[in-house]
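K.L.:
Here's a sequence, model it:
(chains A and B)
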Amino acid sequence: MTSYQQPTARGYYGEFGGAFVPEMLYPNVEELRTRYFDILADPAFQAELHQLLRDYVGRPTPLFEAKRLSAKYGTRVFLKREDLCHTGAHKINNTVGQILLAKRLGKQRIIAETGAGQHGVATATVCALMGLPCVVYMGAVDMERQAPNVARMRLLGAEVRRAESGSQTLKDATNEAIRDWIANPVDTHYIIGSVVGPHPYPDLVARLQAVISEEMRKQLLEQTGTELPNYVVACVGGGSNAAGAFYHFLDEPSVRLVAVEAAGHGVDTGHSAATSVLGKPGIIHGSRTLLMQDEHGQITEPYSLSAGLDYPGIGPLHAHLGTSGRAEFIAITDDEALAAVSELSRLEGIIPALETAHALAALGQLGAGPEEVVVVNLSGRGDKDLETYLKNLEKLI
Amino acid sequence: MNRIAQAFASKKNLLNTYFTAGYPSLHDTIPLAKSLVEAGADILEIGMPFSDPLADGPVIQGSNSVALANGMNLPVLFEQLKELRIAVPTTPVLLMGYLNPVMQFGIENFLQRAAEAGIDGLILPDLPLDEYEEQYHALFQQYGLKAVFLITPQTSEARIRRLDALSDAFLYLVSGPGTTGGTTLPDAEAQQQYFERLAGMNLNSPRLIGFGIADKAGFDRACQYADGAIIGSALIRALDGAEDAPAAAARFVQGITSPSDPLSK
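P.N.:
Here you go, the predicted structure:
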């Protein structure tokens, strides 16, 4: 049986992946590729990682059976509470791992890109913890709509640099971070926040986020008597929370994996970020994946109200899961996501991040039965989105 | 002997100029090529604009954005390049760009059209070496197109040897860390050691130094360590806002290649 977990030696998941980087990045990426596996496997690394995940991040995060939400959808809905991680999202699972990796690689400076700001905050946090200087690139548009996270990063001592090119969102922040890495090839580690970028990043980030599904299996066994749910649902921008939520179920064919993308104003409106529908195979940020682009191969600007989902590509693992049929993709509009924010807030007393709300909004489309178990990865909390929620109050009530 | 080899055999201190196709206006490609060569450019590197040119700095990225807004794309470029060999019959011409637009055009279709247009070589910085060697090297050869590879101060000696063996044009020595058009002076001593290390390796391929070379002084310095230099961002800057882009390009090249005035500082 082929495993969906393992990319090939060159980082391919099916036809997607690889390392399409200019020579200026080759030594950095190659250093990481030749060393990450052994570092991750080192018992001392694992011990330090697990201690930090437990005592600093707050793992394991609870698996909460949402009874009122379950009643509404006529199925058993469990929420994996990544919103309860330190800094409010799953992103810190990865940054804790990568900061330990960076230390073992002897790096003295950290850079990162961020869209919604959750990865930027998580990176700034672990840099403060380890006493390493941190530069976070963020699109100028995203800096406006996620102002509280900009303030958090600065409070944590990070320098936030505006990406002014292109759509001034996550794609452009990633471009600028890559350029910084090109200019600082020796002393700097680039903490990529999602399962995107050149090999080995998609595999590295997926392994660090896999703690989510590892815990889910144990918790499901305790709470339902079986490790395997019927559905695992997660939102996908680049796809790191989905990769983590799916990881230990990838090779369990009975578990239906549901990846939820941002439809924006609607998949056919020209204002959307639903890459699995609108994308074609192409190369972005060092890997071959599904990519939103025009007929001439120019990368097009995605749109979503959610700053964490408006990325024109998806991770190569997800591209493979989608095209092979292993995962189902659902696209949720801005308005449907906002309605889901209101619903979870009122039914369960949990205000989700706008990204996560897309996953929650897919609950009505699953067709799950009353005895079936659905796990939604509650990837982040909604505090950072309060300003957006206030601007859209009429859609929330 | 192909045009690239001919250029290196016939002259020292070659000037390779980069400009973005479709910049500053859509139909400047051929007039600029002609003007640059008449003014003294020895090799031309024509940029195929891309929305997300990762290895380039803000100047070239800006020219890419303008060119795309002007309507430049590969079908338009190949249509323009039908006039290339009439305008510049003997000068080596390279296409430089990123892989995604080439892949969407279809790589074999791209190679065929480039060969038909009289292009001599290609610089595709994000084409992985392994994939080139296994999948594309034979195809490049079939169409008579030469591949140019980049080398940086971090490139290992073993990899330099491998690139040298695979290269059938010249090696592109990236002058230091950073994207194109960098203005900060890199560590001069480290840079000199890097250039001297390359010069001492007895490589088969000729070497051109690029990135951050903006004027005559930079060009002359590069020529001390290599077979010449590549200038891109500084040329693009000289074209920015020019009323007559070909004339501005010619003035720029003359400023690089003119003999030094012994009385000037």
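K.L.:
ok, residue A:23 to chain B distance?
P.N.:
Using C-beta to the nearest C-beta, to the nearest Å, residue A:23 is found at 4 Å from chain B. All C-beta spots, glycine's among them, are computed from the backbone N, C-alpha and C.
K.L.:
who touches that residue in this structure?
P.N.:
The neighbourhood of residue A:23, defined by C-beta atoms under 8 Å, 6 or more residues apart in numbering or on different chains, consists of B:125, B:149-152, B:155, B:174.
K.L.:
Name the helix or strand for it, please.
P.N.:
Element membership of residue A:23 [criterion: DSSP states H and E] is none; it lies in no helix or strand.
K.L.:
try residue B:72
P.N.:
Residue B:72 is located outside every helix and strand, with elements delineated by DSSP H and E.
K.L.:
Just give me the neighbour total for it.
P.N.:
For residue B:72, the neighbour count with other C-beta atoms under 10 Å in any protein chain shown is 26.
K.L.:
Helix, strand or coil: sort out the residue nearest to it when sequence neighbours are not counted for me.
P.N.:
Distances taken as C-beta to C-beta, 6 or more residues apart in numbering or on different chains put residue B:22 closest to residue B:72, at 2.8 Å, once the chain neighbours are dropped. At residue B:22 the chain is in coil, as set by DSSP: H, G, I helix; E, B strand; the rest coil.
K.L.:
picking up where we left off before, and chain A, which of the contacts of residue A:23 reach it?
P.N.:
Among the contacts of residue A:23, the residues within reach of chain A (C-beta under 8 Å from any C-beta of the partner chain) are B:125, B:149-152, B:155, B:174.
K.L.:
Show the contacting residues for the closest residue to residue B:67 other than its chain neighbours.
P.N.:
Computed as C-beta to C-beta, 6+ apart, the closest residue to residue B:67 that is not its neighbour in sequence is residue B:22, at 3.4 Å. Residues in contact with residue B:22 (C-beta under 8 Å, 6+ apart) are B:28-29, B:49, B:66-68, B:70-72, B:76-77.
K.L.:
Which of those are buried? Put it as a ChimeraX command.
P.N.:
In ChimeraX, this line selects whichever of these come out buried by 16 or more other C-beta atoms under 10 Å in any protein chain shown:
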select /B:28,29,49,66,67,68,70,72,76,77
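K.L.:
Using a markdown table, please lay out the contacts of residue B:22 together with secondary structure.
P.N.:
As requested, these are arranged in a markdown table below (three-state DSSP):
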| residue | secondary structure |
| --- | --- |
| B:28 | helix |
| B:29 | helix |
| B:49 | coil |
| B:66 | helix |
| B:67 | helix |
| B:68 | helix |
| B:70 | coil |
| B:71 | coil |
| B:72 | coil |
| B:76 | helix |
| B:77 | helix |
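K.L.:
Just the closest of the contacts of residue B:22 to chain A, please.
P.N.:
For the contacts of residue B:22, the minimum distance to chain A (C-beta to the nearest C-beta) is 6.2 Å, reached by residue B:68.
K.L.:
Which residue comes closest to that closest one once chain neighbours are left out?
P.N.:
The nearest residue in space to residue B:68 (C-beta to C-beta, 6+ apart) is residue B:49, at 5.1 Å.
K.L.:
circling back: most widely separated two among the ones next to chain A among the contacts of residue A:23?
P.N.:
In those, two members sit farther apart than any others by C-beta to C-beta. They are B:125 and B:155, at 13.0 Å.
K.L.:
for chain A, what are the nearby residues on chain B?
P.N.:
Contact residues (C-beta under 8 Å from any C-beta) of chain B with chain A: B:50-52, B:54-55, B:57-58, B:61, B:65, B:68, B:73-75, B:98-105, B:125-128, B:130-131, B:149-152, B:154-156, B:159, B:174, B:177-179, B:182.
K.L.:
Inside strands: which ones of the residues you listed?
P.N.:
Using DSSP state E, B:149-151, B:174 are the members of the residues of chain B next to chain A that sit in strands.
K.L.:
Please indicate which of the residues you listed has the highest neighbour count?
P.N.:
Using other C-beta under 10 Å as the contact criterion, the top neighbour count among those goes to residue B:174, which has 26 neighbours.
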